[in-house]
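Q: any chance you could fold what I've pasted below:
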Amino acid sequence: MTGFGAAEGKASGRTLAVEITSINSKKGLDLQFGLPRELSPLENTLRATVQKTVVRGRVNVDITWRSDRQNGPVPLQINRPLLKEYQAEFRAVAKSLKAEDGVSLEFLLRLPGVMEDTRGTVDAAEFLPPLEKLLDKALGAWDKSREREGAFLAKDLSAKFRFLEEQVGGVEERKAPHLEAHRQALLRRLEEAGIAVALDDERLLKELALFADRSDISEETTRLRSHFEEAKRLLKASEPTGRNLDFLLQEIGREINTIGSKGNDVEISRRVVSMKTELEKIREQVQNLE
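A: Below is the predicted model of the structure:
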């Protein structure tokens, strides 16, 4: 499920910022971490903190910092002698190859040893407590954003399940007319073939009974209504229900397919197509739920 959360605080003369974003993922948890190189020893601990709360989705956690020092020496110093050596060497190579000297200053500044960090070493451990607090705060904001989206999705899914219930009701209403239509069609074919059959003829009644048994969809509609009730319960649950709903949709799809194969009727077929279309929309939405 998509979500966003952020938090900012200060520690040891620096401003720390934590930002969490997530997008939908059909797999489990895909957790990506980004943090300053000096804080890399803390990644496993911070990652474990996130995994206690997040179980599914593609989640990005970005941790940044900046110095609060307004004045004083520049924390990065240029090694000018080394820079000149690099430049001279590149020019010599360009001259020997009779090529144009096109090396930029930006390129030279990125070469090893040219930029020196004068801030000294950083004890990553001293930043762990404040970072854990900020991470918890950001996770709280992230979770609330997901709750808002989850409430919207649950409302939309509830409306879609109500539509499926209405279609099942329409299918059930067609059971008696469907049987009568088959009886009339059978009598018409017999009449066209010149075969006189009484309405109470045992053979006709047996054929109608067999047809009624083959086309009976009462079990399927009963199971569908049971599945719809379970779906309503899952949509109101506080625990993660995405996987359970995904499995339930498979069962609903099987029942709808069975109704389609049994219901040799234009109106039933139309409603089955509508249910399949709506079911696919529900399946796409459920992928967004945890």
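Q: only C-alpha atoms from now on, for both contacts and neighbour counts.
A: Noted.
Q: other residues contacting stretch 80-96?
A: Outside stretch 80-96, the residues that touch it by C-alpha atoms under 8 Å, 6 or more residues apart in numbering are 100, 101, 103, 108, 109, 113, 114.
Q: nearest residue to the third one other than its sequence neighbours?
A: Nearest in space to residue 103, with sequence neighbours left out and distances taken as C-alpha to C-alpha, 6 or more residues apart in numbering, is residue 90 at 7.5 Å.
Q: SS state for that neighbour?
A: When classified by DSSP: H, G, I helix; E, B strand; the rest coil, residue 90 comes out as helix.
Q: and it, how many neighbours does it have?
A: Residues lying near residue 90 (other C-alpha atoms under 10 Å) number 16.
Q: just the helices in the chain please.
A: Applying DSSP state H to the chain gives helices spanning 43-51, 80-96, 105-109, 128-173, 175-192, 202-214, 218-236, 242-262, 266-286.
Q: quick one: closest of those helices to residue 29.
A: helix 43-51 (8.5 Å; C-alpha to C-alpha).
Q: hmm, back to that, just tell me which of the helices of the chain ends up closest to residue 18.
A: helix 128-173 (6.4 Å).
Q: what about the nearest residue to residue 174 once chain neighbours are set aside, neighbour count?
A: Excluding the flanking residues, the one nearest residue 174 by C-alpha to C-alpha, 6+ apart is residue 268, at 7.1 Å. By other C-alpha under 10 Å, 23 other residues sit near residue 268.
Q: check contacts around residue 268.
A: 170, 171, 174, 260.
Q: swap in residue 3?
A: Applying C-alpha under 8 Å, 6+ apart, we find residue 3 in contact with 20, 21, 22, 23, 142, 143, 145, 146.
Q: that one bridge partners, please.
A: Legend: beta-bridge partners of residue 3 under DSSP bridges are residue 22.
Q: please renumber the chain so that the first residue is 473 from this point on.
A: All right, first residue 473 from here; so that's residue 475.
Q: what's around residue 554, how many residues?
A: Residue 554: 16 neighbours (other C-alpha under 10 Å).
Q: buried members of the contacts of stretch 552-568 into PyMOL, please.
A: Applying 16 or more other C-alpha atoms under 10 Å to those, the buried members can be selected in PyMOL as follows:
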select buried, resi 580+581+586
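Q: which pair in the contacts of stretch 552-568 has the greatest spatial separation?
A: Pairwise over the contacts of stretch 552-568, using C-alpha to C-alpha, the maximum falls at 572 and 585, 25.2 Å.
Q: domain ranges for this structure?
A: For the chain, automatic domain parsing gives the domain ranges 475-542+595-614, 548-589, 617-758.
Q: in TSV, list these along with mean pLDDT.
A: Shown next, in TSV, are those (pLDDT from 0 to 100):
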stretch	mean pLDDT
domain 475-542+595-614	88
domain 548-589	83
domain 617-758	80
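Q: ok, residue 525 to residue 724 distance?
A: 31 Å (C-alpha to C-alpha, to the nearest Å).
Q: okay, the two: which has more neighbours?
A: Between residue 525 and residue 724, residue 724 has the larger neighbour count (other C-alpha under 10 Å), namely 21 against 12.
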